[in-house]
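Enquirer: Please find the sequence and the predicted model below.
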Protein chains: 2
Amino acid sequence: MGESLLFLTDEQLRQGIEGMFFAYRGFTSAPDQILEGISYGRAHHRALHFIARSPGMNVNRLLTILGVTKQSLNRVLRTLIEDGLVESRVGVADKRERHLYLTEEGTALETRLSEAQRAQMRAAYRRAGPEAVAGFRQVLEAMMDPELRRIYSALREGGA
Amino acid sequence: MGESLLFLTDEQLRQGIEGMFFAYRGFTSAPDQILEGISYGRAHHRALHFIARSPGMNVNRLLTILGVTKQSLNRVLRTLIEDGLVESRVGVADKRERHLYLTEEGTALETRLSEAQRAQMRAAYRRAGPEAVAGFRQVLEAMMDPELRRIYSALREGGA
DNA sequence: CTTGGAATGTCAACAAGACTGACATAACAT
DNA sequence: ATGTTATGTCAGTCTTGTTGACATTCCAAG
């Protein structure tokens, strides 16, 4: 326990901060390269990811997950729907709600992006080894603020 | 070894991806709150951080670290210099180069931002425990692409 | 000494992606 | 019938990134 106080020097924390900064660039680079060619950006990728993860999700839930305004999401979603990557179906129980699904084409792009990003993640995980990965995941979860941690856990359970 | 193949299911990788996404939001939220009041953004924070880390660094090196164009950095740097947070000194050996230093005021803001972010990091590290942190750092380093990893290591050595 | 190239700064224009505010519509709930 | 919720949309703004063009300064090689 004395150790857990000792080892948290400012220098160690600073390295963690810089580590997050540099690693996040590596984390996004593979899908970014794919997105460069087509006329979509990271925002589109994020929307596709979470729609793929929880098909039939309504707009409000996606807004909460992404943490952006509805105007911001709507711009992205509109282009994806217009381009036939996402389908928006009126809710059955509540007709005000729109439920979001990937079309075949949307699934194809999401798979491409996802595979590139997973390949990058897989390589990092392999290099670091299973024990490091377990620790990595623990710290990531500890870094989230409570609401996002709940969303994260819900995705894990519901998205299987 | 069989284990290190087995445990990397797509679902595990997906959780790692979502973990990075959600954790990065937690990672930036504390300094973002401070920045809200004043007229600076994350780009200013990043510049201040790395100038504080390696005082006297020239512009080109900072460009490489941040991975943006000189025009983009210059806009940020100009406001910081105008506002008296950063000082730009002409190089001694090579007078084309500008070496960057924080002023007293710049140091004050950087310290404020840095302390907020370190507090957040410290809390996460404490929750996860020392072993998890070691693994976390290993995975982060494995996620960087080689050039950034070199920069990251150079900072660790030079910035003590 | 002249010339080429490197390091830096600056102007202009633009794009993505976030924001706020205001307003419209449809549908649920009371 | 009325208020609230879920969604969409229009208009305008901000930050942060981009490209392209050009000027200045200065080192270094001929």
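Expert: Everything's here; your move.
Enquirer: OK, contacts around the residue in chain A that DNA strand C sits nearest to?
Expert: Residue nearest to DNA strand C within chain A: A:Gly41 (1.5 Å; C-beta to the nearest atom of the strand). Where C-beta positions appear, they are placed from N, C-alpha and C, glycine not excepted. Applying C-beta atoms under 8 Å, 6 or more residues apart in numbering or on different chains, we find A:Gly41 in contact with A:Leu35.
Enquirer: ends of stretch A:61-71, how far apart?
Expert: Terminal residues of stretch A:61-71 lie 14 Å apart, using C-alpha to C-alpha, to the nearest Å.
Enquirer: averaged over its residues, what pLDDT does that stretch have?
Expert: For stretch A:61-71, the mean pLDDT works out to 96.
Enquirer: And the contacts of it?
Expert: With C-beta under 8 Å, 6+ apart as the test, stretch A:61-71 has contacts from A:43, A:46-47, A:50-51, A:54, A:59, A:73, A:100, A:148, A:151, A:155, B:25.
Enquirer: which sections of chain A are below the confidence cut-off?
Expert: Residues of chain A meeting the criterion pLDDT under 70: A:1-7, A:158-160.
Enquirer: Spell out which residues of it are next to DNA strand D.
Expert: Residues of chain A found near DNA strand D (C-beta under 7 Å from any atom of the strand) are A:58-60, A:63, A:70-71, A:74, A:77-78, A:88, A:94, A:96-98.
Enquirer: Keep only those of those that are in strands.
Expert: Of those, the ones assigned to strands by DSSP state E are A:58, A:88, A:98.
Enquirer: ok, of the residues of chain A next to DNA strand D, which come out buried?
Expert: A:58-59, A:77, A:97-98 (16 or more other C-beta atoms under 10 Å in any protein chain shown).
Enquirer: Could you check which residue of chain A lies nearest DNA strand D?
Expert: A:Asn60 (2.8 Å).
Enquirer: wait, what's in contact with the residue nearest to that residue when sequence neighbours are not counted?
Expert: Excluding its sequence neighbours, the residue lying closest to A:Asn60 (C-beta to C-beta, 6 or more residues apart in numbering or on different chains) is A:Glu97, at 7.6 Å. Counting by C-beta under 8 Å, 6+ apart, A:Glu97 touches A:58-60, A:90-91.
Enquirer: Cool, thanks, signing off.
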